[in-house]
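Undergrad: structural data only, the sequence is not supplied:
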């Protein structure tokens with residue numbers, strides 16, 4: 001075992017730390033708020049407002065560098081964004097809407113708006 005390179009052990013340590021951190025973020029809410037214990041109003045509020053806020057920030061981040069002054073004038077982004085919104089309103093499936101929008105955007109910039 002001592003013949004293994006340092007990079008191997010570094011990788012093992014990183015994987016273990018990521019696994020422990022992921023497990024901790026999943027377990028801490030159950031430790032802090034066990035079944036039967038009332039969840040504080042502030043935490044309930046954050047649970048309602050944070051998901052839409054994060055999605056809003058992601059939308060702003062995705063569209064922040066779109067150049068509407070030169071060809072293709074942001075059309076691939078606009079088309080893909082509208083498809084995401086329509087699919088999500090229609091099917092209420094995050095994976096379907098985001099996946100389809102991403103694939104459509106890549107097709108548009110690679111083959112349509114070349």
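TA: Received the coordinates, thanks. Everything numeric in this text was worked out from a predicted model, so none of it was measured.
Undergrad: can you list the low-confidence ranges for the chain?
TA: The model of the chain has pLDDT under 70 over residues 1-2.
Undergrad: just the helices from it, written as ranges.
TA: 6-32, 41-63, 75-91, 94-107 (DSSP state H).
Undergrad: for the third one, name the packing helices and strands.
TA: In this structure, helix 75-91 packs against helix 41-63, helix 94-107, with contacts taken as 3 or more C-beta pairs under 8 Å, 6 or more residues apart in numbering; DSSP states H and E. Glycine gets a C-beta too; all of them are placed from N, C-alpha and C.
Undergrad: got these as TSV, with distance to residue 114 and mean neighbour count columns?
TA: Converted to TSV, these look like this (distance: least, C-beta to C-beta, whole Å; neighbours: other C-beta atoms under 10 Å):
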stretch	distance to residue 114	mean neighbour count
helix 41-63	21	11
helix 94-107	11	15
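Undergrad: out of the ones you listed, the one nearest residue 15 is which?
TA: When these are compared by C-beta to C-beta, helix 94-107 sits nearest residue 15, at 25.6 Å.
Undergrad: what's the neighbour count on residue 84?
TA: Using other C-beta atoms under 10 Å, residue 84 has 22 other residues around it.
Undergrad: for the closest residue to it other than its chain neighbours, what are its contacts?
TA: Leaving aside its chain neighbours, residue 84 sits nearest to residue 101 (3.6 Å; criterion: C-beta to C-beta, 6 or more residues apart in numbering). Neighbouring residues of residue 101 by C-beta atoms under 8 Å, 6 or more residues apart in numbering: 80-81, 83-84, 87.
Undergrad: that concludes my questions; thank you for your assistance.
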